[in-house]
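Novice: Coordinates for the following, if possible.
(2 chains)
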Amino acid sequence: MSHIFFSLTLVLYGCATITYLAYLSRTTPTLATWANRLVMAGFAAHSLATIHRFSSAGHLPITNMHESLSFFGLAIVGTFILFERRYRVAILGSFIIPLALLFVIASSAFPTAIRDLNPALRSGWLWVHTIMAFIAYATFTIAFGAAVIYLIQQHFLKKKRLGALFQKLPSLNTLDDINYRCLTVGFPLLTVAIITGAIWAEKAWGTYWSWDPKETWSLITWFIFAALLHGRMTTGWRGRRAALLSIAGFLIMLFTFIGVNLWLPGLHSYK
Amino acid sequence: MNIIVIGLSHKTATVEIREKVAFSPNQIDKPLRDLVALDDIIEGVIVSTCNRVEIYATTRDIAGGIARVKRFLADYHRIPFETLEPHLYSYHSEAAIRHVFRVASSLDSMVVGEPQILGQIKTSYGYAAEYKSSGIILNRFLHKAFSVAKRVRSETRIASSAVSVAFAAVELAKKILGDLSDKTVMLIGAGEMCELAAKHFLNSGARGVMVTNRTFERAERLAEEFGGEAIRFEDLFEHLHLADIVLSSTGAPHVIIGPKEVEEVVRRRRFKPMFFIDIAVPRDIDPKVDDLENAYLFTVDNLQEIVQANLAQRNREAEKAEEIIDQEIGQFYKWLSSLEVTPTIVALRTRFDEIRRAELDKTVSGWKELPPDAEKRLEALTTAIMNKLLHTPTAVLKKAGQGGRVDLYVDALRQLFELEAAPQENGELELEE
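Specialist: Numbering: from 1, shown residues only, chains lettered A, B, ... in the order given. The predicted structure follows:
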């Protein structure tokens, strides 16, 4: 059952990706409407797949790589839908949805069997800690998308190449706004995720902080976004600099999320 | 029933001619009444804008209808027919439908894609509806034209880009600065293009204007005109950081704004981006300013290139629009044709039945001893023959009505059998909207 919904999700995200990429290169405005509908349908199927898995496993489906990557994809698409509603930037989907699709495809490369929950994870903190972290990651992914578009737009403006793509992409100001909004949403969530993680660690493992690779890299991620937020609020960092830092932050976040699990064994590896 | 269009536009007549045949909206009721009072003209709508004057009408007699409307235009405005006639174009049937769809979609406009024309046609139609000069066909026709125009606007990007330098500057500013409602424009020097651009910025919601000029009085005069603030030229750099958009066109022989100054200004603005437009020749703003991260410098040539590209894009989009119009013409024409089918069939049957009854009466009354139920049998026989004879033509006609090429059949039948029935209001076959 979960499998059917999951396959449906892949198909719908796949179609949405194709439509969004077509929207990027074609001038037909109706393509955006269709891409949006496909994403909504994909998100619904993905939610059903996740809920189904949740009810058959009896715990939040984020305990192995398959589940985590899929859940990350879900969080990205959900966050994208909210930002699209708020800022009316369908074109952001041409950058974000392929990325989400990639994560969902990657998730299906990992073993999908449902396993019993590691006793260490049986706690209400699992909910708070992980969901906060996932939403924070998703907003940083949106910030990454906006940053990439920002750099493209700036390139077009500086080279005076103001073609169809330039017309279609949002204004520098909008992109910078999205970047800032992502930061002000994502950063507090990441902070909460780290703090609740520490409290939970104290309860489960007896120590707040044990310099496990996941913890270390989370802290690095936190510092990057802290620096960016600080720069923005005090000295008016914006535009290109903010975009570049968001991209760096996203890449390090990605390593924290996936790389650490795959290559740096520690307390957080639940393969 | 046929739709005809008679008119002139910027493509066929100079403004001197156009203004002579323009109709004033204040007294549009009289020409509308006169129009539908013409022989053979059933419904009529008059569209009158500064770029075109057009009459849409329905008639049974295409050639006669067109001639009478042309004559009407000349007579109403008291222009010699010979003077006016060469400037007039006329369309009928499918070509007329295409023409009106194209005009409403702004494909026939001086600047393709400009949005005003649709509103102007809507207003004109409003008058015609108010004075009841339009009826079932033109009502449907113009509503269809409005929905086609809407489709063209939403499905193509025909009107989405600026086609004048001043508008291109505004569009570009929006692409850099976003919403202009909290943005300030600085006008350095004077000049037609600069002032025009400043006006466009204000119309697009910019918050305010600062004006500076080597002659302070000129700055004051311009500032007053725009409701802005005049700045002494020497104080330019004390105020530059307040401006988000800088329009420069002085006659200065050297650059007056260099990268050093701008870097300083941008820092003072906490890196909020600035948009510079240099209209002056020789240049007022050092091209190196564009190398700075949060400063974007464009020259008139840059803007001109954008306008050229946008015009080319509009023409490409216009092709897509033509395709949409092609589809819609087919649909509407089908409906228009189907209007004729039912009344024609009814008239044909009535005509046949009259003949049958007349002959039957003659036969029955001339018969001395009629066997019982003979009259009934004769009635049944003649009816059966009539129905058999009419069956195939009726079926063919209905089928043709669905195919949209029915006018030939209808005309032939009307002439062969001298049918007279006018299309009835209920002669409308359902048509998907």
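Novice: And the helix or strand harbouring B:Glu94, what's buried?
Specialist: Taking DSSP states H and E as the definition, B:Glu94 sits inside helix B:93-104. Going by neighbour count (16 or more other CB atoms under 10 Å in any protein chain shown), the buried part of helix B:93-104 is B:Glu94, B:Ala96, B:Ile97, B:Arg98, B:His99, B:Val100, B:Phe101, B:Arg102, B:Val103, B:Ala104. Every C-beta, even on glycine, is put in place using the N, C-alpha and C of the backbone.
Novice: which stretches of chain A form helices?
Specialist: Under the criterion DSSP state H, chain A carries helices at the ranges A:2-25, A:30-57, A:65-87, A:93-108, A:125-159, A:164-168, A:172-205, A:213-235, A:239-254, A:260-263.
Novice: now for these, which one comes closest to B:Tyr56?
Specialist: Taking CB to CB as the criterion, helix A:30-57 is the member of the helices of chain A that comes nearest to B:Tyr56, at 30.1 Å.
Novice: what about that closest one, distance to the chain center?
Specialist: In this view, helix A:30-57 has its centroid 16 Å away from the chain centroid, taken as CA atoms, centre = their mean, to the nearest Å.
Novice: Same check on stretch B:163-182?
Specialist: 26 Å.
Novice: so who does the residue nearest to A:Ile220 when sequence neighbours are not counted touch?
Specialist: Of all residues not flanking A:Ile220 in the chain, A:Ile252 sits nearest, at 5.9 Å (CB to CB, 6 or more residues apart in numbering or on different chains). Applying CB atoms under 8 Å, 6 or more residues apart in numbering or on different chains, we find A:Ile252 in contact with A:Trp217, A:Ile220, A:Thr221, A:Ile224.
Novice: so how far is A:Thr235 from the last one?
Specialist: The gap separating A:Ile224 from A:Thr235 is 16 Å, by CB to CB, to the nearest Å.
Novice: The second one too?
Specialist: With distances defined as CB to CB, the gap from A:Ile220 to A:Thr235 amounts to 22 Å.
Novice: The first one too?
Specialist: Distance from A:Trp217 to A:Thr235, counting by CB to CB: 27 Å.
Novice: Name the residue in those two with the higher neighbour count.
Specialist: A side-by-side neighbour count of A:Trp217 and A:Thr235, using other CB atoms under 10 Å in any protein chain shown, places A:Trp217 first with 20 against 12.
Novice: which stretches of the chain have low pLDDT?
Specialist: In the absence of a named chain, chain A is used. Low-confidence regions of chain A, defined by pLDDT under 70, span residues A:1-2, A:120, A:267-271.
Novice: actually chain B
Specialist: Along chain B, segments meeting pLDDT under 70 span B:401-405, B:420-433.
Novice: can you list the domain ranges for it.
Specialist: B:2-155, B:165-293, B:334-416 (automatic domain parsing).
Novice: closest one to A:Leu244 among these?
Specialist: Among the domains of chain B, if distance is taken as CB to CB, the winner is domain B:165-293, at 11.0 Å.
Novice: by contact count, what packs against whatever helix or strand B:Val246 lives in?
Specialist: Secondary structure here is read from DSSP H and E; on that basis B:Val246 sits in strand B:245-249. Identification of packing neighbours for strand B:245-249 by 3 or more CB pairs under 8 Å, 6 or more residues apart in numbering or on different chains; DSSP states H and E yields helix B:165-177, strand B:184-189, helix B:192-203, strand B:274-278.
Novice: Now do the phi/psi pair for the residue nearest to B:His99 when sequence neighbours are not counted.
Specialist: On the basis of CB to CB, 6+ apart, the spatially nearest residue to B:His99 that is not a chain neighbour turns out to be B:Tyr91, at 4.8 Å. Per-residue torsions, B:Tyr91: phi -130, psi 150 (degrees, to the nearest 10).
Novice: B:Tyr91: neighbouring residues, count only.
Specialist: A count of nearby residues for B:Tyr91, using other CB under 10 Å, gives 19.
Novice: is it true that B:Leu277 touches B:Tyr296?
Specialist: Slight slip there: residue B:277 is Ile, not Leu. No: with contacts counted by CB atoms under 8 Å, B:Ile277 stays clear of B:Tyr296, the gap being 9.4 Å.
Novice: So between those two, which is more surrounded?
Specialist: For B:Ile277 and B:Tyr296, the more surrounded residue by other CB under 10 Å is B:Ile277, and the numbers stand at 28 against 23.
Novice: who's in contact with the more buried one?
Specialist: For B:Ile277, the set of contacting residues under the criterion of CB under 8 Å, 6+ apart consists of B:Ala169, B:Ala197, B:Ile245, B:Val246, B:Leu247, B:Ser248, B:Leu297, B:Phe298, B:Thr299, B:Val300, B:Leu303.
Novice: Let's have the residues you listed in TSV, adding neighbour count.
Specialist: Written out in TSV, the entries for these read as follows (neighbours: other CB atoms under 10 Å in any protein chain shown):
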residue	neighbour count
B:Ala169	28
B:Ala197	27
B:Ile245	25
B:Val246	26
B:Leu247	28
B:Ser248	24
B:Leu297	27
B:Phe298	24
B:Thr299	20
B:Val300	16
B:Leu303	25
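Novice: any idea which of those residues is closest to chain A?
Specialist: Of all the contacts of B:Ile277, the one with the least separation from chain A (CB to the nearest CB) is B:Phe298, at 7.4 Å.
Novice: Tell me the spacing between the nearest residue to the closest one once chain neighbours are set aside and B:Thr184.
Specialist: Setting aside the residues directly before and after it, B:Phe298 is nearest to B:Ile277 in space (CB to CB, 6+ apart), at 5.4 Å. Going from B:Ile277 to B:Thr184 by CB to CB gives 14 Å.
Novice: B:Arg414 versus the residue in the stretch 51-200 of chain A positioned nearest to chain B, what's the distance?
Specialist: Per CB to the nearest CB, the residue of the stretch 51-200 of chain A with the smallest distance to chain B is A:Asn173, at 2.9 Å. Distance of A:Asn173 to B:Arg414, computed by CB to CB: 66 Å.
Novice: same check, this time on B:Glu217
Specialist: 78 Å.
Novice: So between these two, which is more surrounded?
Specialist: A direct count of neighbours by other CB under 10 Å for B:Glu217 and B:Arg414 places B:Arg414 higher, at 18 against 9.
Novice: what angle separates whichever strand or helix holds the more buried one from helix B:93-104?
Specialist: Using DSSP H and E, the secondary-structure element containing B:Arg414 is helix B:407-416. Our comparison of helix B:407-416 with helix B:93-104, counting by axes from the mean of the first three to the mean of the last three CA atoms, to 10 degrees, yields an angle of 130 degrees.
Novice: Tell me the buried residues in helix B:407-416?
Specialist: Within helix B:407-416, the residues that qualify as buried by neighbour count (16+ other CB under 10 Å) are B:Asp407, B:Tyr409, B:Val410, B:Leu413, B:Arg414.
Novice: any idea which of those is closest to A:Leu101?
Specialist: When those are compared for distance to A:Leu101 (CB to CB), B:Asp407 comes out closest, at 53.9 Å.
Novice: ok, the closest one to B:Arg151 distance?
Specialist: Using CB to CB, which is the criterion applied here, B:Asp407 is 26 Å from B:Arg151.
Novice: what's the answer for B:Gln116, then?
Specialist: In this structure, B:Gln116 and B:Arg151 are 18 Å apart, going by CB to CB.
Novice: For those two, work out which one has more neighbours and name it.
Specialist: Comparing B:Gln116 with B:Arg151 by neighbour count (other CB under 10 Å), the higher total belongs to B:Arg151, at 17 against 13.
Novice: any idea which helix or strand carries the more buried one?
Specialist: When elements are defined using DSSP H and E, B:Arg151 is found to belong to helix B:136-155.
Novice: Find the closest residue to chain B in the stretch 1-150 of chain A.
Specialist: The minimum distance from the stretch 1-150 of chain A to chain B, using CB to the nearest CB, falls at A:Thr27 (5.0 Å).
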